[in-house]
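Enquirer: here you go, sequence then predicted model.
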Amino acid sequence: MQNTQTSTRLSTEIDSRQYIIESGKMARQAHGDIWIQSGDTVVLVTAVTQPLTRDINFLPLVVDYQEMSYASGRIPGSYFRREIGRPSERETLVSRLIDRPIRPLFPTGFFQEIQVIATVLSADPDYDPDVLSITGASAALHASQIPFMGPIAGARVGYVENRFILNPTQSELKESQINIVMAGSKDAVIMVEGETGFASEELLAEALSFGHEKMQPLIDLQEELRQQAGKTKIEVVEPEPDQELIDQVRNLAQSPLSEALSVRDKLQRKEAKSRVKEQVLEELSGKYPDDPDRLKGVGPCLKSLESEIVRERIKSSQTRIDGRDLTTVRDLNMEVGLLPRVHGSALFTRGETKALGVATLGSARDEQRMETLSGEQNKRFMLHYNFPPYCVGEVKMLRGPARREIGHGVLAERSLTPVLPSAEDFPFTIRIVSEVMESNGSSSMATVCASSLALMDAGIPISGPVAGIAMGLVKEQGEYFILTDILGDEDHLGDMDFKVAGTREGITGIQMDIKISGIPANILGKALIQARSARLEILDQMEQVLGAPRSDLSVHAPQHRTIEVSTDKIKDVIGPGGKHIKAITQETGASIDIDDSGTISIFAPDTAALENATEMILFYDQKAEVGKDYDGKVKNVKDFGAFVEILPGLEGLVHISQLDVERVEDINKVVSPGDEMRVKAIEVGDRTGKIRLSRKAVHLEEQGNTLDLESTGRPSGPRDRRPDSRRRR
């Protein structure tokens, strides 16, 4: 049967790589469906909207990204052998990457439900589907009837051998100094996130300009798609403002709200604003007794007035809510080692934001095992960020980590990863937990600072401390005002939240979100330079508290040692059915990893356990020492001598001439298998490792005499004991 349905397929080429977008091929009942492909990676992105049955004043947008195991030819490793319902950390992070750049681009007053779903259908290891999903989401929205102020495009930028690369392959990323994901429109950058490997501010600004320029063909491609296959957009009719109510609220609240916004303490300021709202509602309820629904607009009016006051104050006097100028960092306070039983701890306070960082060390068995499209991966460094409700004075049910908590944790994790020691130099698994105790602006950057101090307090040899700062921005009448160390209110009322973390050498992590249609690259460059000054100021104070990692691990931290045993002794260390190794781990509590090369890695809960485990392992790999006495057991008897086990799995020969002081005529009358005897090692072969033992030497010593080891020579074999053997031939 001939398929009468047609699709629209377009393509473009950037740096010799082809990008394909196709609409109407797959999910035709969705309002927007895009097949986007680069290399062998294919992502299906759909967009659907539907009216809500209730009144709301926010945008109900949901973005879901899902990776299907079949995309890389794999069967899921879960018990049910299907993709589980809860998204993985990777899926959550990519969902955020798609959500953040498109969310500011819906018109005010559009409150229908919107769902964007990106499904990876085919996965090429060299072509990451995350940036394709950003572009695909924009294309699906742009071609649909959903009102969307796009298009935008996503891009990854790498830097290898002094040149920038757009959407580098996995092999190129391994050599790249930077790995940033960004989104941009025709005129501006909208979102940035990634790790930057000590890049300078100037290099990062160049990277953003490069990425923004290179993504333009993808934006042009979406415009062409809309011309050929776009649907008529839903008309958004913004409600007429209640000018009378606006004027009433302004007259009543202008002065008291301005005064409330000068209160520096967050909770007191919140209470002052609440009192202003209560007074306004009380006053207006008497004016509109027959129209109580009209008072629902008081809250939005006050919010708008608050934004106007704060932004005008910044523009006219460059003074902020708490009285600071635009570049001052709030007061800092730090403590380390405050939790006595943990491996490392630090409390970092910046103004009214406070984070407790706790470091825990573990063995290789504590690594996180993750199932990805490219197979299972192990993760030796984890940073988990917790944002309990009490940190902002709220009551809320405790649930698992939300998308925001996962995103903030990964941002801090990426920022710290470049300074960590290699697994070869420091073979521990490292976990950091950040407990946000108070929050009023950038708890994620406070997490970076607290975690860096906790790592050093734990004695983990990081290459240098890392600090982070959040930058804000206010755009007023074409002018841009960059704010250092923004408050929570400035985040809500401003136009940008730009987080930058790094060391003295350069930037290690970055994330930017905006609420306007875009920010010019040169403004972002200025924000980066201003952030550097703040970061260095914080690092100065951090180093006064703890200038370098402690020389020793905590006494409560696990201890590690690597030892070598002979490869032929590995089976003895393990024992039959693992008997020996199980006994060692049970008695000492140590975690023991054995390599086929004979390298044994020991992780023990304390120093005493480490020494005990080491001694027990080496017991099975002991070597005989010439001149040392051993209590052994006869394993086998021959006519020329007896084989005696002096150490586990280690046997030597007691020649018949060395069995006794007197001549032994019949060896079976002197010794039998299973007999215990004390012997002395009189020779250990350098090349062969064969051991000669002497019971005679022990007897002589008991009589007060000694055996001359140098003159003993190697005894003759059993036939050579007969002096006439050759003549008889």
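Expert: Now that the structure is in, tell me what you want to look at.

Enquirer: list the contacts of the residue nearest the centre of the chain.
Expert: What sits nearest the mean C-alpha location of the chain, by C-alpha atoms, centre = their mean, is Glu413, with 4.2 Å. Glu413 makes contacts with 381-383, 432, as judged by C-beta atoms under 8 Å, 6 or more residues apart in numbering. Every residue, glycine included, has its C-beta placed from N, CA and C.

Enquirer: try 10 Å this time
Expert: 195, 379, 381-385, 432, 447-448, 451, 509 (C-beta atoms under 10 Å, 6 or more residues apart in numbering).

Enquirer: could I get the average pLDDT for stretch 53-67?
Expert: For stretch 53-67, the mean pLDDT works out to 87.

Enquirer: now do stretch 684-694
Expert: On average, stretch 684-694 scores 81.

Enquirer: kindly export that stretch (C-alpha atoms) in CSV.
Expert: The C-alpha trace of stretch 684-694 is given here as CSV (Å, rounded to 0.1, in the frame of the first residue of the first chain):
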residue,chain,number,x,y,z
VAL,A,684,67.2,-21.3,49.2
GLY,A,685,67.9,-21.4,45.4
ASP,A,686,68.2,-18.0,43.8
ARG,A,687,66.7,-19.1,40.5
THR,A,688,64.7,-22.2,41.4
GLY,A,689,63.5,-21.2,44.8
LYS,A,690,64.1,-24.8,46.0
ILE,A,691,64.5,-25.0,49.7
ARG,A,692,67.0,-27.3,51.6
LEU,A,693,66.2,-28.0,55.2
SER,A,694,68.1,-29.6,58.0
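
Enquirer: list the buried ones in that stretch?
Expert: 691-694 (16 or more other C-beta atoms under 10 Å).

Enquirer: next structured bit after the biggest helix by length in the chain?
Expert: Criterion DSSP state H: the longest helix present in the chain is helix 521-545. The element immediately downstream of helix 521-545 (helix or strand, assigned by DSSP states H and E) is strand 559-564.

Enquirer: other residues contacting that following strand?
Expert: Outside strand 559-564, the residues that touch it by C-beta under 10 Å, 6+ apart are 361, 363-364, 426-428, 553, 590-591, 593, 595, 597-611, 613-614, 617-618, 621.

Enquirer: how about 6 Å then?
Expert: By C-beta atoms under 6 Å, 6 or more residues apart in numbering, the residues outside strand 559-564 that reach it are 598-604, 607, 610.

Enquirer: how about stretch 470-479?
Expert: Counting contacts by C-beta under 6 Å, 6+ apart, the residues outside stretch 470-479 that touch it are 311, 314-315, 442, 445, 481-483, 486, 490, 494-496, 498-499, 527, 531.

Enquirer: state the mean pLDDT of it.
Expert: For stretch 470-479, the per-residue pLDDT averages 89.

Enquirer: report the distance from that stretch to the chain centre.
Expert: Relative to the centre of its chain, stretch 470-479 is centred 31 Å away, using C-alpha atoms, centre = their mean, to the nearest Å.

Enquirer: quick check: buried residues in that stretch?
Expert: By neighbour count on 16+ other C-beta under 10 Å, the buried set for stretch 470-479 is 470-475.
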